[in-house]
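[1] Got a predicted structure here, sequence first:
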Amino acid sequence: MKTGTTIITLNNGYHLWTNTQGQGDIQLLCLHGGPGGTHEYWENFGEKLADLGVQVSMYDQLGSFYSDQPDYSDPKIAEKYLTYDYFLNEVEEVRQKLGLDNFYLIGQSWGGALTMMYALKYGQHLKGAIVSSMIDNIDEYMVHINQVREEALPADAVAFMKDCEAKGDWNNARYQSYVDVLNKGYVDRKQPPAISHLISTMATPVYNAFQGDNEFVVTGKLKDFDLRDQIQNIKVPTLLTFGEHETMPVSSAKRMAKVIPNARLVTTPNGGHHHMIDNAPVYFDHLKQFIKDVENDTFNK
């Protein structure tokens, strides 16, 4: 497959930014989180996995920074494109246009939700699935995230945040200062300068539609996300990888590892939600071992 950047045209006429790194017979497609984030934490995966002969492809989903951004203020466009079905089927169209089959799919956070949904609907195309920092429902996430901030912040700060959330006062400076504290403790613990920008690259309309204002509240469509009654139908080898100090509950991941028929759970010490950056050596050791085991037909045997 051609390496470097390729702009693909979707059947709907919009364009997506894609990039492929590395050479090899093993194919890995990467799905970023957000929703509305970017590909950027995948940029070194081709280099990190080169010794296994893995070719890594990534893309920015529709609405995200490097790809086309529809006018979501138009209710008809929002109704058509801000849906689970759209983003799931976008993965399949990207797979087709990049010519991938019998490949690995990795998804971070929201991308992990898409990975689970893809494995359920299009699993025949997968060699393996990697769910990075995402559980199969939001209810358990909300219980955990409230525990996290109660442990991380003084009681008066938590009360203030809840008051702002009840009022919808999302832009309150004091409120946002507490969000920054939580982000530094549980999302981006390493605060990597390499993916810093002079302006925000978040596709806010996409993020707001699915998540809400920040990682510690869920007021959008994701509040109803729940695959607990379906994940037993994921048949492909599955790696569940989580940080040990992050927003997603590892207790839920342990349950998922028992329910998904062919799954392995690994955790990264000192890792937050973006543990591929917070503790890269451990993260990549786990990922490479998974790929080796699947390739050698020794996974979970």
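    Structure received. Numbering: from 1, shown residues only.
[2] Tell me where this protein is predicted with low confidence.
    Scanning the chain for pLDDT under 70 picks out 301.
[3] quick one, helices of it?
    Listed in chain order, the helices of the chain (DSSP state H) span 45-48, 75-81, 84-98, 110-122, 139-152, 155-167, 173-186, 204-210, 250-259, 275-278, 280-295.
[4] Tell me which of those sits nearest to T241.
    Evaluated with Cβ to Cβ, the helices of the chain place helix 280-295 nearest to T241, the distance being 5.8 Å. (C-beta placed from N, C-alpha, C; glycine too.)
[5] Redo the helices of the chain as TSV? Include distance to D229.
    What follows is these, written out as TSV (distance: least, Cβ to Cβ, whole Å):
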stretch	distance to D229
helix 45-48	32
helix 75-81	26
helix 84-98	16
helix 110-122	11
helix 139-152	13
helix 155-167	29
helix 173-186	28
helix 204-210	21
helix 250-259	10
helix 275-278	28
helix 280-295	26
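[6] which residues touch the closest residue to Y84 other than its chain neighbours?
    The shortest distance from Y84 to any non-neighbouring residue, by Cβ to Cβ, 6 or more residues apart in numbering, is to M117 (7.0 Å). By Cβ atoms under 8 Å, 6 or more residues apart in numbering, M117 lies in contact with 84, 88, 227.
[7] Can you flag the buried ones in the residues you listed?
    Listed as buried from the contacts of M117 are 88, 227; burial here means 16 or more other Cβ atoms under 10 Å.
[8] Please identify the residue most distant from the middle of the protein.
    Distance to the chain centre peaks in the chain at D156, reaching 31.7 Å (criterion: Cα atoms, centre = their mean).
[9] In space, not sequence, find me the middle residue of this protein.
    Nearest to the mean C-alpha position of the chain, by Cα atoms, centre = their mean, lies Q108 at 2.2 Å.
[10] Is it correct that it is in contact with M134?
    Yes: using Cβ atoms under 8 Å, Q108 is in contact with M134, at 7.4 Å.
[11] Which residue, neighbours along the chain excluded, lies closest to G24?
    Distances taken as Cβ to Cβ, 6+ apart put G53 closest to G24, at 3.1 Å, once the chain neighbours are dropped.
[12] where does the one you found sit relative to P154, distance-wise?
    In this view, G53 and P154 are 51 Å apart by Cβ to Cβ, to the nearest Å.
[13] Please say which of those two ends up with more neighbours.
    G53 (13 against 10; other Cβ atoms under 10 Å).
[14] quick one: the more buried one and I26 touch, right?
    Yes: the criterion here is Cβ under 8 Å, and G53 meets it with I26 at 5.6 Å.
[15] Which neighbours do the two have in common?
    Common neighbours of G53 and I26 (Cβ under 8 Å, 6+ apart) do not exist.
[16] Now do the same contact list for Q23.
    So Q23 contacts 3, 50, 53, 55 (Cβ under 8 Å, 6+ apart).
[17] Among those, which one has the most neighbours?
    Tallying neighbours with other Cβ under 10 Å puts Q55 at the head of those, with 21 neighbours.
[18] beta partners for that one?
    Q27 (DSSP bridges).
[19] Can you give me the buried ones in stretch 100-118?
    Neighbour counts over stretch 100-118 (16+ other Cβ under 10 Å) mark 100, 103-118 as buried.
[20] Which residues are in contact with each of Q108 and M134?
    G33.
[21] What are the phi and psi values at the residue nearest to E93 when sequence neighbours are not counted?
    Nearest residue to E93, sequence neighbours excluded (Cβ to Cβ, 6+ apart): L10, at 6.0 Å. Note on L10: backbone dihedrals following degrees, to the nearest 10 are phi -80, psi 160.
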